[in-house]
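**Student:** Sequence first, then the predicted structure, then my questions.
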Amino acid sequence: KINVLYAGDHIYDSPFTVGVSDPTKCKINVLYAGDHIYDSPFTVGVSDPTKCKITGPGVSNQNLARVGKPVEYQLDATKAGPGAVKAAAKDPRGAQVNLDVEPVPNSNGKYKLSFVPDDAGTYTVTCTHAGHAIPQVPFALGSVDPTKVKVSGAGLEGGRVNETLPIDVDATEAGPGGLNLGLEGPGHAEADIVDNKDGTFRINFVPSVAGQFAFNMKFANEEVPGQPFKIPVRNIKNAKVTGLDKAPFFVGDEICATVDTRKAGPLDTPVGARVQSPSGGDFEPDISMPQKGYSEVKFTPEEPGVYEMDISLLGEDLENMPAKLEVVDPSRCNINKGGLECACVGEPVYFTVDTGDAGPGELQVAAKEAGNKKLPVNVTPVADEPGRYEVEFVPTKAGDVEVPVLFSGRPVPEAPLIVPVADPSKCTAQGPGLAPNGLKANRQTYFDVSTAGAGVGEVDVSIVNKDTMQAVDFEIAPQGRAAHHVEYTPDVAGHYEVNVRFAGKLVADSPYGISISDPSRVVAFGPALDGDSTVGEPAQFTVDRSEAGDGELNIDITGPGVPEVETKDNGDGTVDVSFVAPQPGKYDVKITFDDEEVPKSPYAASVVRPPPDASKVMVKDLSAQPLADERNEFTVDASSAGGNGFLEIGVQGGYVPAEEITVRHVGDFVFAINYQINEQGETVISVKWHGEHVPGSPFRVYVSDTGDAIDL
């Protein structure tokens, strides 16, 4: 049923509602005054927009459109009946954009709607069918433009491990959408995305390992241009410096520090470095990158001392920086070789080494004898003299000792030292010129020095008169490789000292004390040597040896008898001599000094008997009844009667003289008297000494054929 309403001015409105369930074409009869008007009945298409169904981005999902890329929708109006389809979108700026509507061929009511968004933001899409909005419209379609996403922040420059590296993402001009990240790298890292709800995002990137990280970033599931975003992450502590543990370093030798930054993260620039010299100067060393991941820092020190090297990476000091570098210069060490010229076995050898100008190094000294025998060496700092050391070792045998002297492992100037070592105990001196006594003044003497097995050294000799402290000239000449011959002539008697040294040391038994005598300076004088002495009485003289030196004085007096000799040393170089001769005669006084006769020796000493004293003559063995015709004998002892031997014997018989009288001196003024009387009877025997009758003389005896001997 259609209601007809008069709208005025002969116009009628006839609103009606189609009541059919499916859209179709229906006929409307319009009668006026009972008659169809022109073209009545009218054929009217009936449509139902609610039966339209649209699908595509933004309709029932959060799919977004991409600026510059077509957006398509599918409209199914097959059940909506006839009707024109129109679609439009209002862009983010409010301008309307009509969508292209294209029927799908042979689909009988299906359409493809499309447009290309040219701006990022939200589009409001509407669609009508037969002039009426279809269900689900209007709807919002987000349009994004990832090219408008701006990525910035200090984190893009990289940073250090365990630090937050901020990255800002500005998508305010890119349209609505979410931000997604993909992370690639050498290890674990955290990347938190904070949506600021204003189209911007903050990425807090916290890497735990060093290396090259890469972000793949999508906005609204669209790749953001410029990715992957490479972020170098560094761990300065992982940079390792090598080459500085080779201390000590040496002046003139290049010092090279190698920095391995491979585990410190990606680096495009070398490290930074500064060096401070011992004298306070500051300079930049040479820095290079010989290969990726390595830097080399080099410089050549020109002075000894402690250098300070500071190596940094990206403005941060590396581990163990700054480094103290001890630089030495062994060429500035000085050896004081005093004491090395005369080294001897068993005696400490000393020398000093001055390292004060050579830098902070270590002094090393060794000593090796022949056969590579190592000797203990003491190295002692000298008090109050920094850098100065005293070196001591004791050689054990003759020969060369090699002494390497190193400063921080390198030889110092003049090293190794070759120290000749002598063994004076193996050196001997012998010869008459070293005898403690028996040598004479003004007579050349000699001795020989043997150095066999004593090593290398100089033979030194000195001879001094200790009484006058005057040196004695001598001549010394080598005799082959290991002997010397020494000759000298002492000019006066006295006490001498001979010093024989080898390598500056006294040889065995040196110094030699030598007593030089001069028998020519001994003189004898006194009454016993100037005139006659008397038998039995002391005869005296004096021997003066005061200028003859030391020596044994011997006095030997020989003559007719053996005298009794007494001597007295006066303590002033003179000796008083007294002797008593038992017999008269010429006595030889032989004087020797130091086994040599003195001048004028032997001296002649004349000894005479005392004046004759007949009373002291004794007649012995004179028989009172001698036998006739036989030799009779008696003895006259005048040894104590003085005189020079004038003995008179007379024998007178009763009638005839003695047949024979003989007088024989048997010694020491004792005489044997033989006589023969051929006539019996009384006989007178006369005995006189120097013309005087001896006691009992004249003697009267009776000569018979037999008789008894009697003592008279």
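**Tutor:** Happy to help now that I have it. Residues are numbered from 1 along each chain as shown.

**Student:** what's the neighbour count on residue 412?
**Tutor:** When neighbours are defined as other C-beta atoms under 10 Å, residue 412 has 27 of them. Every C-beta, even on glycine, is put in place using the N, C-alpha and C of the backbone.

**Student:** Check residue 22 and give its pLDDT.
**Tutor:** For residue 22, the pLDDT comes out at 59.

**Student:** meant to ask about residue 18, not that
**Tutor:** In this model, residue 18 carries a pLDDT of 65.

**Student:** cool, the one 10 residues further on as well?
**Tutor:** Looking at residue 28, its pLDDT is 82.

**Student:** What residues does it make contact with?
**Tutor:** Going by C-beta atoms under 8 Å, 6 or more residues apart in numbering, residue 28 touches 2, 40-44.

**Student:** Just the buried ones out of these, please.
**Tutor:** Listed as buried from those is no entry at all; burial here means 16 or more other C-beta atoms under 10 Å.

**Student:** Adding distance to residue 674 and secondary structure, write those out as JSON lines.
**Tutor:** Formatted as JSON lines, the entries for the contacts of residue 28 read as follows, by distance: C-beta to C-beta, whole Å; DSSP: H, G, I helix; E, B strand; the rest coil:
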{"residue": "2", "distance to residue 674": "239", "secondary structure": "coil"}
{"residue": "40", "distance to residue 674": "243", "secondary structure": "coil"}
{"residue": "41", "distance to residue 674": "241", "secondary structure": "coil"}
{"residue": "42", "distance to residue 674": "238", "secondary structure": "strand"}
{"residue": "43", "distance to residue 674": "235", "secondary structure": "strand"}
{"residue": "44", "distance to residue 674": "232", "secondary structure": "strand"}
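
**Student:** got a markdown table for those, with pLDDT and distance to residue 98 too?
**Tutor:** Formatted as a markdown table, the entries for the contacts of residue 28 read as follows, by pLDDT from 0 to 100; distance: C-beta to C-beta, whole Å:
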| residue | pLDDT | distance to residue 98 |
| --- | --- | --- |
| 2 | 72 | 36 |
| 40 | 84 | 36 |
| 41 | 85 | 36 |
| 42 | 82 | 31 |
| 43 | 77 | 30 |
| 44 | 74 | 28 |
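
**Student:** tell me the two of those that are most distant?
**Tutor:** 2 and 43 (15.3 Å; C-beta to C-beta).

**Student:** Identify, from the contacts of residue 28, the entry nearest to residue 639.
**Tutor:** In terms of C-beta to C-beta, no member of these lies closer to residue 639 than residue 44, at 219.8 Å.

**Student:** Looks like the closest one contacts residue 29 (just checking).
**Tutor:** No. In this structure, residue 44 is not within contact of residue 29 by C-beta atoms under 8 Å, at 11.0 Å.

**Student:** any shared contact partners between the two?
**Tutor:** Taking C-beta under 8 Å, 6+ apart as the contact rule, residue 44 and residue 29 touch no residue in common.

**Student:** what bits of the chain have low per-residue confidence?
**Tutor:** Under the criterion of pLDDT under 70, the regions of the chain flagged as low confidence span 1, 18-25, 706-712.

**Student:** Same list (the contacts of residue 28) but as CSV, adding distance to residue 556.
**Tutor:** What follows is those, written out as CSV (distance: C-beta to C-beta, whole Å):
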residue, distance to residue 556
2, 204
40, 208
41, 206
42, 202
43, 200
44, 197
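
**Student:** where exactly do the helices run in this protein?
**Tutor:** Taking DSSP state H, the helices of the chain run over residues 527-530.

**Student:** So which residue is smack in the middle of the chain?
**Tutor:** Most central in the chain under C-alpha atoms, centre = their mean is residue 364, positioned 0.8 Å from the mean C-alpha point.

**Student:** how deep is the residue nearest to residue 652 when sequence neighbours are not counted tucked in, by neighbour count?
**Tutor:** Excluding the flanking residues, the one nearest residue 652 by C-beta to C-beta, 6 or more residues apart in numbering is residue 684, at 4.7 Å. Using other C-beta under 10 Å, the number of residues around residue 684 comes to 14.

**Student:** Could you do residue 546 as well?
**Tutor:** Counted with other C-beta under 10 Å, residues neighbouring residue 546 total 14.

**Student:** same thing with residue 101?
**Tutor:** Applying the criterion other C-beta under 10 Å, we find 16 residues in the vicinity of residue 101.

**Student:** do the same with residue 106
**Tutor:** 6.

**Student:** Distance check, it against residue 574.
**Tutor:** Distance, residue 106 to residue 574, using C-beta to C-beta, to the nearest Å: 177 Å.

**Student:** same deal with residue 366?
**Tutor:** Separation of residue 366 from residue 574 (C-beta to C-beta): 68 Å.

**Student:** now swap in residue 17 and tell me
**Tutor:** Using C-beta to C-beta, residue 17 is found at 190 Å from residue 574.

**Student:** Have a look at these two and say which one is more surrounded.
**Tutor:** For residue 17 against residue 574, the residue with the higher neighbour count under other C-beta under 10 Å is residue 574, and the figures read 15 against 6.

**Student:** nearest residue to the more buried one other than its sequence neighbours?
**Tutor:** Closest residue to residue 574 in three dimensions, ignoring its sequence neighbours and counting by C-beta to C-beta, 6+ apart: residue 544, at 5.0 Å.

**Student:** go on, residue 312?
**Tutor:** In this structure, residue 312 finds its nearest non-sequential neighbour in residue 272, 4.6 Å apart by C-beta to C-beta, 6+ apart.

**Student:** The one you found: how many residues sit nearby?
**Tutor:** Other residues within reach of residue 272, judged by other C-beta under 10 Å, total 18.

**Student:** what's residue 184 in contact with, if anything?
**Tutor:** Residues counted as contacts of residue 184 (C-beta under 8 Å, 6+ apart) are 213-214, 216, 228.

**Student:** go again using 10 Å as the cut-off
**Tutor:** Residues in contact with residue 184, defined by C-beta atoms under 10 Å, 6 or more residues apart in numbering, are 212-216, 228, 230.

**Student:** Tell me the one of the residues you listed nearest residue 267?
**Tutor:** Closest to residue 267 out of the contacts of residue 184 is residue 212 (10.5 Å), distances taken as C-beta to C-beta.
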